[in-house]
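K.L.:
sequence and predicted structure below; questions after.
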Amino acid sequence: MKQQVLKNTPHKGGIVNFLLHSDGAVSVLVVILGFLFGALLIRLVGRNPVGMYKSFFQVLTGIFWNNKGVMKWEVRYIGEWLNISVPYILCGLTMGFAARAGLFNIGGEGQYLSGLTIATVLAIYLPQIPVLHWFIAILAAILFGAVWGGIVGFLKAKFEVSEVVATIMLNYIALYISRIIILGIPGSNTYQTVAFPKTALIRVAFLDALTNGSKLNLGFFFAVISVIVYWFLMEKTNLGFGLRATGFNKDAARYAGIPVVKSIVLSMAISGAFAGLAGGVVALGSFNFGRVPVVLEGYGFTGIAVALVGNNTAGGTLLAGLLFGMLARAQGIMQDNGIPKEITFIIQGLIVVFIALRAGLKIYLQWRLKKDLGKTVQKSASGVGADTAGAAHTEAPKEDK
């Protein structure tokens, strides 16, 4: 009887059971909670949270109301949102790919900077051949990001060096190497290089016209392709199976004949390639000149949050990257609506905190489900006991006869 109740419980768990078995649903829930707490904070400081939601709506749709109350539509807002989301998506894939292999890659910043640096150098020095110029620069950014990530993978696989420590150190090494290289380019000052030739830029006239002069460029399509590649490699190939098996249990994977050392190096290299692409896209798509990095720009670190919200899946990371891109793009608009832009950082932080508490939420939901199950079993047992007693009472006179 108890087994029968256990069998039927998943169908009766309702929303509790749904949240318990769906990582995606929990992610949506914590995002909603983040926005609700953000609205509460805005109300506590004496502002109207409607301004925040109007800002988000404007970023997502391009629709807004001017000072006269007339509704307007400006597609440029959508283009800027998609453009700023690209490095978040790619750096989210960076963290997610490594995590699926059981690694914690917090070196997205260094891998991003390695891609940005080589793309900047090649943009200035390569022959100015249309298409081929930016193509080689982007390809080099991917390769350099892969190399920078692969170094950590090699150290982890061969010498058991903690990838957390190694990636943190390589972040700062990449920062200062990047500064030395870019400052050494003739014509560079403390902040920027000379202007890039047009053949090095990945902005195209078609997208400029379509989005009314936004900075949306080919990088968005590179990000979409990267999401597809991520999904295909991880879910549909033997390589992906080996990486996932290594992430679940290295010893079992090794016993099954999976080359664990190779898997670790490859996972970090592919992970770094996504961040390197992000650096190349930002360098050649959002600016017309090379920038001298002063501090870590934060894309790699935010990518960790993106991957967590996206549950390390391809589609989830894409949606989470768009979410964080929306928050970043809405900052200026929120200030125009009388809302402090710092609220977006608070919302991001709250989302990450709630994601981190997801394990605790699951424990609570499991407790709730177990409690409900106990009540169901108790009621069923009581019902069976009553039926048994009734049957005994009915049969008693027969025994007297």
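P.N.:
Structure received. No experiment lies behind these values; they were computed from the predicted model shown.

K.L.:
where does this protein have low pLDDT?
P.N.:
1-21, 358-359, 361-362, 365, 381, 383-401 (pLDDT under 70).

K.L.:
which element is the spatially most central residue of it on?
P.N.:
Taking CA atoms, centre = their mean, the centroid of the chain lies closest to Val306, which sits 2.4 Å from it. Per DSSP states H and E: Val306 is located in helix 299-309.

K.L.:
after that helix, heading C-terminal, what element do we hit next?
P.N.:
helix 314-336.

K.L.:
following that next one, which helix or strand comes up?
P.N.:
Defined by DSSP H and E, the subsequent element after helix 314-336 is helix 342-356.

K.L.:
can I get the CA coordinates of that following helix in CSV?
P.N.:
Output of helix 342-356 as CSV, limited to C-alpha atoms (Å, rounded to 0.1, in the frame of the first residue of the first chain):
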residue,chain,number,x,y,z
GLU,A,342,22.4,50.8,-8.6
ILE,A,343,19.1,49.0,-8.1
THR,A,344,20.0,46.8,-11.1
PHE,A,345,23.2,45.6,-9.3
ILE,A,346,21.1,44.9,-6.2
ILE,A,347,18.7,42.8,-8.3
GLN,A,348,21.6,40.9,-9.9
GLY,A,349,23.0,40.2,-6.4
LEU,A,350,19.7,39.1,-5.1
ILE,A,351,19.2,36.7,-8.0
VAL,A,352,22.6,35.2,-7.4
VAL,A,353,21.8,34.9,-3.6
PHE,A,354,18.5,33.2,-4.3
ILE,A,355,20.2,30.9,-6.8
ALA,A,356,22.8,30.0,-4.2
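
K.L.:
what's it packed up against?
P.N.:
If contacts are counted by 3 or more CB pairs under 8 Å, 6 or more residues apart in numbering; DSSP states H and E, helix 342-356 sits against helix 23-44, helix 299-309, helix 314-336. Every C-beta, even on glycine, is put in place using the N, C-alpha and C of the backbone.

K.L.:
distance check, the residue nearest to the centre of the chain against Ala157.
P.N.:
26 Å (CB to CB, to the nearest Å).

K.L.:
now swap in Leu116 and tell me
P.N.:
27 Å.

K.L.:
what does Val31 give?
P.N.:
Distance from Val31 to Ala157, by CB to CB: 35 Å.

K.L.:
likewise Met169?
P.N.:
17 Å.

K.L.:
so these two - more neighbours on which side?
P.N.:
Ala157 (20 against 13; other CB atoms under 10 Å).

K.L.:
OK, contacts around that one?
P.N.:
Val260, Val261, Lys262, Ile264, Val265 (CB atoms under 8 Å, 6 or more residues apart in numbering).

K.L.:
helices of the stretch 1-150 of the chain, start to end?
P.N.:
Assigned by DSSP state H, counting those that start in this stretch, the stretch 1-150 of the chain shows helices spanning 2-8, 14-21, 23-44, 50-61, 76-100, 108-125, 132-159.

K.L.:
which elements pack onto the following helix or strand past the last one?
P.N.:
Which is helix 132-159. Following helix 132-159 in sequence order, the next helix or strand is helix 163-183 (DSSP H and E). Under the contact definition 3+ CB pairs under 8 Å, 6+ apart, helix 163-183 sits against helix 108-125, helix 132-159.
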